[in-house]
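Engineer: Here is my input, please return the structure:
(chains A, B and C)
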Amino acid sequence: MYPPSFEYYAPTTVEEAIGLLQQHEGEAKILAGGQSLVAMMKLRLVQPAALIDINRIPNLSYIREDDKFLHIGATTRTNDMAESATVRTRYPMLTDAGAEIADPIVRNRGTVGGNVSHGDPGNDLPACMMALGAEYEVRGPKGVRTVAARQFYQDTFVTALGPTEMLTEVRIPKPGPGTGNAYSKMERKVGDFATAAVAAQLVVNPAGAIQLAGIGLTNVGATAIYAAAASEFLKGKSGTDADLAKAAELARDASQPIADNRGPVDFKKEMVRVWTRRTLRRALDRAKGGA
Amino acid sequence: MATPELGGIGKSVQRKEDARFIRGKGNYVDDVQLPGMLFLDLARSPYAHAKILAIRKEKALATPGVLAVITGKDLEAAKLAWMPTLMSDTQMVLPVDTVMFHGQEVAGVVATDRYAAADGVAALEVDYDPLPAVIDPFKALEPGAPVLRTDKKDKKDNHIWHWEVGDKGATDAALKASDVTAREKLYIPRIHVSSIETCGCVAQVDVMGKLTVWMTTQAPHAIRTVFALVSGLPEQKIRIISPDIGGGFGGKVPVYPGYVIAVVAALTTGHPVKWVEDRTGNLISDSFARDYQIEAEIGATKDGHVTALRVKTLADHGYTDAAANPSKFPAGLFHIITGSYPFKAAFVEVDAAYTNKPPGGIAYRCSFRVTEAAFAIERLMDTLARQLHMDPAEFRLKNFIPPEAFPFPSVLGWTYDSGNYAGALRKAMEIIHYSDLRKEQAEKRKRGELMGIGISSFTEIVGAGPSKTFDILGIKMFDSAEIRIHPTGKVLARFGTKSQGQAHETTYAQILAEELGIPVDYISVEEGDTDTAPYGLGTYASRSTPTAGAAAAIACRKIREKAAKIAAHLLEVSPEDIEWKDYKFQVKGVPGKSKTMADVAFAAYTNHPQGMEAGLEAVDYYDPPNMTFPFGSYIAVVDVDKETGQVKTRRFVAVDDCGTIINPMIVDGQIHGGLTMGFAPAMLEEIPYDADGNNRASSFLEYLLPTAVETPKWETAKTTTPSPHHPLGAKGVGESATVGAPAALVNAVLDALEPYGVSNIDIPLTPYKVWQAIHAKDPK
Amino acid sequence: MAIDAVVAKSTMPEHSSRTIHVTVNGVARASTVDARTLLVSYLREHLALTGTHIGCDTGHCGACTVLVDGKAVKSCMMLAVQTDGCEVRTVEGLEMAGKLHPVQEGFTKEHGLQCGYCTPGMMMTTVALLAKNPNPTEEEIRRGISGNLCRCTGYVNIVKAVQYAAQQMAAAPKGGA
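Structural biologist: Sure, this is the predicted structure:
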């Protein structure tokens, strides 16, 4: 359980990092928190020829909100996100998720950028970013581009990131009044990946009717899943128990879990239904001014 | 300078061990560093059953840092490819031509450091021809099943042994005549010890040909003797040092192939060789426990008195019987399955089967199969109570063996030393406000909320064991204490047991303090070095206090006998005038005329009576006259989420009785840890195998150990019913909680699910299984 | 049995090792390490600080927890080269001038350890936990130590040990720990 040899670089600029990715032609991996990557290398499940450690690049770790977005730098530690007062104000979903990713020690090193770009369907943040309608800033040899979270995930460990590209920022649209969001994770124990987890954001008008909804599902498919039909369904609905129940059924139908030690497919799908309903209820309460 | 406190029996003396552990100065096997030391890593089979077609060493040997590759063929030349197991079966050190379980050791790679050894393992090329794997023990015993042990010339099936005890005829008749009977089929799956420290050793041969092995072992002397018999090395040239052990729990009793390969590598390279298992290797190849398929039937009269018990069990031992049981008891002490109740008739049979799984099982914090037995009987009692429409507490109270019936001869052969089962249960009921809980439950049931209360009133059998019935590979299971008092009144004592966290350095010192009148701070206790410690069978099965603890007391009393004579000599009276009182040698009837043990110790070297030998020491090899029978009653309260099957353990009260308590703080610590090791298999832990025999939990991502978040807040209390035959009245407590806890939790969950009429859910009670049980009956 | 004894020479590419400058328990160290050397191996084998332990392969057990620039980190999941320029504190760095850290005191007074193997990691997590949250509730303590597995204690007394340390540190004059 020791990793094989590799070359190690610690660039101090994004450009340098991208140059190294190019130089190694797809045989290099970005090392951010390392909490997933180092474990996989110890088990020799991945054997990159080179590691590009981006922790020394300044100005990549930040949380700041402007008029339009919450900006989170790629190397922001998960715990810093989880404990940020700024995040808690309008994005308590991320505070919820932050308390459930892995365990508190892993979160001291794990990064937001790593969690959203690693591509493991068990990572918690992708579903959150889908629900929040977030976008990712990606840099490569050809410059900068933006990819919507809902379009970013292609397959297990396969994302829209090219082999010479690097995620540099996560951008979440700043919610208006009447917004509530929440994350619920059903897990066997602290440190596990979800049996099922649901991220939900709701925007209600002053009358309390739902204007907009975003629902993301963790670990019940080859990637995180944006429950589009469920999210669409809630638009214009008043948010009764029946509305939430129906949306939950649609979310269940969108999920494609595999059977594993956590349970068979039908159980997991049922858990998607139950936890979607519960998470929507929490998001709705928060949207209406509750906790 | 003030004399320190005595710190005798019953005091919560702070642990002596802590001084080094809290400073990070423990000396565990992986901390041992020797000049020129090499590192051994193991290549493992990806198949559960396969022929080895070829092992190509070239790439591994060409890897920087790698010195040697050892295979089964290499060992076969030295007749070391196979070794005996503790149950007189045979086990491969390395396979010559066939692998028998997923993860089996296939070759050893020796290198200059552990990273290079890992590289060597990755570079080793092995060609396999997979064979069908036999995974289900029932299928293994069906006629026509592939015979797994083709190495045994005359073996025509996968049946290892049949064991039975009790009166079949009387039991069948009694059950037939019973007004009410209940039956259950219970599967207790494989689980893994998972001490936080894995297994390992450092083997070194010196220039004089002496082999020293630092080893994670709970039984260093037995290992030394086994090594001598197997290797032909003279026993006085073998030294086993069991240093600090990071958790044993039974997992560090057997001889695992890695130890043997390391010794071979040390002998052949002439360098010290270290082997430390990685967690993956640990989880997939050693230290498994349980794997019992139990079918049981219990009977009662219509007014609720139990009559008879009939049990048939299938034990899955993996590819060889490498269980750690005393030799006459292949199913351990499963006879304790009559539990806390006076069955008039009982019949128990166990059959063991070979499968393509790791060999074993170990005695995991259970004495020997006592967890399996206690689980079965306490589950059956609940099922029967439900059928009789009786409250499970009332049903037990009605049936307990009463205190005046002890020593109690059970129909299955053991004589329980002492017990007060009703006392423990009543105390637990009082602490938890049992009748209030039942009221609350009734209210919640009206609202469709699922709340459950579960009881486990277990009796254990520990302290192996009396020489007329107990031996391991022929070595009797006495244990020993050797005590020497120095001229300045300080004590050095050595024992044949081996602590792995149970704090013997403290608790044995407390026994000696009590018996010798010397403060604990002046007493040093050593264990684990076979060159210096008296012969013992080690620590597991809660045996240390019952055996070595007794030896300590007896050895002290031998010392006191001699010391009294020296005291008489100093006080110029005759020995008959001396009595041991208030930790001193007093002249009877003359207060103020006394000598301390320290006075006597000095005199033993400077002024002993003429004609008497100098010195003040004794050794005792204690042969216990009987086992001891700790017991307890546990009550669990759970709330079940109907929609998800998740179970929250709201409260858990544990009332334990281990007889005389040496150190209350340490006893509570043992109980907290034991409860957690009972909770975990009830709710989380399992080693699952797929249809091809692959282990599906080879890391802590899938093998689920509870954190502080999942673990309930344990509440503990005690009753004290001393053992009549133990010199201190003590019974041992290390495993009680692991034995008693699972049934309390399962009974609680099933109680919560009572509206759905669920009679059994096999552990672990995962959310899926609980959800399935609810929704199978109530498809809302 | 033949031992094929010619050990192949290591031909490591230029970027696969590095010289790092790390302060460990207040002592400045300069070492050349392979890039793949885990921080836990660097501490245990290069610096002979064997108080930090290895308990698993996947970063779940927390026995290897140390402090890097004051934050609890699983040293088996970090490369030594990543600590260049950092301050690392291990269990050996808790005792100061012969005086036990309140966390060490708490663990022994409250019987928060048995075999001692998870203890160094558990105590380092506790030090960091209390630095951030000097007066944690029981729930916060249990969450805070949920990255550290213990097989012996059942956690009850570990919680008490943390509470003891919190009390001691709150009562102490500033400038300790």
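
Engineer: and residue A:68, how many residues sit next to it?
Structural biologist: Close neighbours of residue A:68, defined as other Cβ atoms under 10 Å in any protein chain shown, add up to 10. Just so you know, the C-beta spots here come from the backbone N, C-alpha and C atoms, and that holds for glycine as well.

Engineer: how deep is the closest residue to it other than its chain neighbours tucked in, by neighbour count?
Structural biologist: Distance criterion Cβ to Cβ, 6 or more residues apart in numbering or on different chains; nearest residue to residue A:68, sequence neighbours excluded, is residue A:174 at 5.9 Å. Here the number of neighbours of residue A:174 (other Cβ under 10 Å) works out to 14.

Engineer: biggest helix in the chain by residues?
Structural biologist: Chain wasn't specified; assuming chain A. Counting residues, the longest helix in chain A under DSSP state H turns out to be helix A:265-287.

Engineer: switch to chain C, that's the one I care about
Structural biologist: Assignment by DSSP H gives helix C:156-171 as the longest helix of chain C.

Engineer: any idea how far stretch B:235-254 is from the chain center?
Structural biologist: 14 Å (Cα atoms, centre = their mean, to the nearest Å).

Engineer: Likewise for stretch B:590-607?
Structural biologist: 42 Å.

Engineer: any idea how far residue B:222 is from residue B:202?
Structural biologist: Per Cβ to Cβ, to the nearest Å, residue B:222 is found 19 Å from residue B:202.

Engineer: Which other helices and strands does the longest helix of chain A contact?
Structural biologist: For helix A:265-287, the helices and strands in contact under the criterion 3 or more Cβ pairs under 8 Å, 6 or more residues apart in numbering or on different chains; DSSP states H and E are strand A:179-186, strand A:196-204, strand A:210-218, helix A:241-254, helix B:767-777.

Engineer: ok, 6 Å please
Structural biologist: Applying 3 or more Cβ pairs under 6 Å, 6 or more residues apart in numbering or on different chains; DSSP states H and E, we find helix A:265-287 packed against strand A:179-186, strand A:196-204, helix A:241-254.

Engineer: outside of the second one, which residues touch it?
Structural biologist: This points to strand A:196-204. A:93, A:127-128, A:131-132, A:178-186, A:210-218, A:220, A:268, A:271-272, A:275-276, A:279-280, A:283-284, A:287 (Cβ atoms under 6 Å, 6 or more residues apart in numbering or on different chains).

Engineer: One more: the shortest one?
Structural biologist: Residues from elsewhere that reach strand A:179-186 (Cβ under 6 Å, 6+ apart): A:93, A:96-97, A:100, A:128, A:194-203, A:271, A:275, A:278-279, A:282-283, A:286-287.

Engineer: likewise the last one?
Structural biologist: Here helix A:241-254 makes contact (Cβ under 6 Å, 6+ apart) with A:215, A:225, A:227, A:229-230, A:233-234, A:237, A:269, A:272-273, A:276-277, A:280.

Engineer: again, 7 Å this time
Structural biologist: Outside helix A:241-254, the residues that touch it by Cβ atoms under 7 Å, 6 or more residues apart in numbering or on different chains are A:215, A:217, A:225, A:227, A:229-230, A:233-234, A:237, A:269, A:272-273, A:276-277, A:280-281.

Engineer: Helix or strand: which one has the closest residue to residue A:14 other than its chain neighbours?
Structural biologist: Leaving aside its sequence neighbours, residue A:14 sits nearest to residue A:139 (Cβ to Cβ, 6+ apart; 5.6 Å). Assigned by DSSP states H and E, residue A:139 belongs to strand A:135-140.

Engineer: which residues touch residue B:627?
Structural biologist: Going by Cβ under 7 Å, 6+ apart, the list of residues near residue B:627 reads B:414, B:461-465.

Engineer: I should have written residue B:373 there, sorry.
Structural biologist: B:334, B:336-337.

Engineer: Which single one of those residues is nearest to chain A?
Structural biologist: residue B:334 (29.2 Å; Cβ to the nearest Cβ).

Engineer: Surely the closest one and residue B:348 touch.
Structural biologist: Yes - using Cβ atoms under 7 Å, residue B:334 is in contact with residue B:348, at 6.3 Å.

Engineer: which ones are touching residue B:668?
Structural biologist: residue B:716 are the contacts of residue B:668 under Cβ under 7 Å, 6+ apart.

Engineer: Skipping adjacent residues, who's closest to residue C:119 in space?
Structural biologist: Using Cβ to Cβ, 6+ apart, the closest residue to residue C:119 is residue C:113 (4.3 Å).

Engineer: these two touch, right, residue A:42 and residue C:54?
Structural biologist: No - between residue A:42 and residue C:54 there is no contact under Cβ under 7 Å: 11.0 Å.

Engineer: Centre-most residue in the chain?
Structural biologist: I'll assume chain A. What sits nearest the mean C-alpha location of chain A, by Cα atoms, centre = their mean, is residue A:125, with 1.8 Å.

Engineer: let's do chain C instead
Structural biologist: Central residue of chain C (Cα atoms, centre = their mean): residue C:66, at 2.4 Å.

Engineer: Verify the stated contact: it with residue C:124.
Structural biologist: Yes - in this structure, residue C:66 is within contact of residue C:124 by Cβ under 7 Å, at 5.6 Å.

Engineer: what packs against the strand holding residue A:139?
Structural biologist: Packing contacts for strand A:135-140, counted by 3 or more Cβ pairs under 7 Å, 6 or more residues apart in numbering or on different chains; DSSP states H and E, involve helix A:14-23, strand A:143-148, helix A:149-152, strand A:166-173.

Engineer: repeat that with 10 Å
Structural biologist: helix A:14-23, strand A:69-73, helix A:112-117, strand A:143-148, helix A:149-152, strand A:166-173 (3 or more Cβ pairs under 10 Å, 6 or more residues apart in numbering or on different chains; DSSP states H and E).
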